[in-house]
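Asks: need a 3D model of the sequence below.
(one chain, ligands or ions: 1)
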Amino acid sequence: MKINDFKLEVYFEKYEFTAPYLLTQSDCESMEIAELLAMEPGSQEKLLHSWLGYTEVQGNPELRSLVAALYRNVGEEDIIMHTGAQEAIFAYMNVLLEKGDHVISMFPVYQSLYEVAHAEGCEVSPWELKPVDGRWTIDFDELETLIRPNTKLIAVNTPNNPTGFTFSEDELEQLCAIADKHGIYVFSDEVYRGLELNGVSRPCAADIYEKAASLGVMSKAYGLSGLRIGWVATRDADIIRKMKRFKHYMSICNSAPSEILSIIALGSGDRILERNKNIIKNNLELADQFFGKYDRLFRNFRPMAGPIAFHRMELNEPIAAFCETLVQNSGVLLLPSDIYSYKGPYFRMGYGRKSFSESLNRFEQYLIEQKLV
Ligand SMILES: Cc1ncc(COP(=O)(O)O)c(C=O)c1O
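Replies: Here you go, the predicted model:
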């Protein structure tokens, strides 16, 4: 299979481990193993005495039952673990799609949600999020017009990367009803679930619709990206069986210590989510003050949920050139909209890190130096 470069990863490869002021990251603040183990008595013993052999292809059963408990209508047998969410996306798209299928993908979105389909010879139609009065919105009538007789899949991601747009419960029901009417599968990337800033937790697509798959991960809301533990939840047993067979050709099984550490983390899951939501809320307040101060240069698109937002900036140069000069001259890393193949002067800002205030200050200082504010 030939596949286009993953623009975001190519950009991060250049700067993620060298730029001192990361102002665009999508994962929440991580922690040391010692901090995680201190959350639950007995967890150090559990880790030290865990077995370092191969694990079950579908995933450690204890972990799968903890993951299943995050859903309303999903059992342990409906979960398949993968090495991060990325591997799960690749596997799902490969087992479901064939050349000539039509796919509808929310847009802008994390590139693999449409790029893997494209590489497989599918035609992809974007279902666009639109900026209206400082909010990102989506139109379900437009979705209906995009459906063709050969539409196999609708791929969505909410809370959305990069906009922070999130479906309400009614909207998710509406999406599943439309898909059901036409016999279309739904792939719902929900890796930022758990970071609903208004406290309203939403159901998942896999809870609502049997032909839906929900994607989850330890990387984002829990901030444990180094574990590389992700999963797909679906009540479609045939998809689970096919993904297992496909995994035989990828990682075969997950890292045993990562599965144990994920079990320990989910045992304290609510505490970790609370900690990370508080970091995001504090950072959003700082950002509101910042954007309020410089409202001639920026349009603040506050996220509905999750740790990222896609803001507008009025510039006399392309946003990609601005971001590149910014990181080279000040060490502040932002992601320009070009990374998402999205036209318009938007950039992604990340709110999940404790260093946000320091990075924002450096960004402000740069704007002052450049006489942009
Ligand atoms: C929407 C979305 N889906 C999937 C992934 C992949 O997650 P992971 O890095 O844990 O594989 C990301 C990572 O940024 C993401 O933002």
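Asks: please make it C-alpha for all contacts and neighbour counts, starting now.
Replies: Will do.
Asks: now the residue in the stretch 251-373 of the chain that the ligand sits nearest to: how far from residue 161?
Replies: Nearest residue of the stretch 251-373 of the chain to the ligand: residue 308, at 9.4 Å (C-alpha to the nearest ligand atom). To residue 161, residue 308 is 7 Å away according to C-alpha to C-alpha, to the nearest Å.
Asks: when these two are compared, which one has more neighbours?
Replies: Neighbour comparison, residue 308 and residue 161: the larger count goes to residue 308, with 30 against 25 (by other C-alpha atoms under 10 Å).
Asks: right, and the more buried one touches residue 159 too?
Replies: No. Applying C-alpha atoms under 8 Å as the test, residue 308 and residue 159 come out as separate, 9.1 Å apart.
Asks: mean confidence score for stretch 265-279?
Replies: Mean pLDDT, stretch 265-279: 97.
Asks: residues in contact with the residue nearest the centre of the chain?
Replies: In the chain, the residue lying closest to the centroid (C-alpha atoms, centre = their mean) is residue 191, at 4.4 Å. By C-alpha atoms under 8 Å, 6 or more residues apart in numbering, the contact list for residue 191 reads 85, 159, 215-217, 219-221.
Asks: let's see that with 7 Å instead.
Replies: 215-217, 220 (C-alpha atoms under 7 Å, 6 or more residues apart in numbering).
Asks: next: residue 172.
Replies: Counting by C-alpha under 7 Å, 6+ apart, residue 172 has contacts residue 205.
Asks: offset the numbering so it begins at 826, please.
Replies: I'll keep to 826 as the first residue from here, and by that count the last item is residue 997.
Asks: pLDDT value on it, please?
Replies: Per the predicted model, pLDDT is 97 at residue 997.
Asks: what's it sitting at in phi/psi?
Replies: The phi/psi pair for residue 997 (degrees, to the nearest 10) reads phi -60, psi -40.
Asks: for the residue of the stretch 1076-1198 of the chain closest to the ligand, name its beta-bridge partners.
Replies: residue 1175 (DSSP bridges).
Asks: what does the protein have sitting close to the ligand?
Replies: 909-911, 935, 986, 1014, 1016, 1042, 1044, 1050, 1053 (C-alpha under 6 Å from any ligand atom).
Asks: quick one: end-to-end distance for stretch 1054-1065.
Replies: Per C-alpha to C-alpha, stretch 1054-1065 runs 17 Å from first to last residue.
Asks: name the residues of that stretch that are buried.
Replies: By neighbour count on 16 or more other C-alpha atoms under 10 Å, the buried set for stretch 1054-1065 is 1054-1060, 1064-1065.
Asks: farthest pair within the residues you listed?
Replies: Maximum pairwise distance among the buried residues of stretch 1054-1065 (C-alpha to C-alpha): 20.0 Å, between 1054 and 1060.
Asks: other SSEs contacting the host helix or strand of residue 1117?
Replies: Assessed by DSSP states H and E, residue 1117 sits inside helix 1094-1118. Where contact means 3 or more C-alpha pairs under 7 Å, 6 or more residues apart in numbering; DSSP states H and E, helix 1094-1118 is not packed against any helix or strand.
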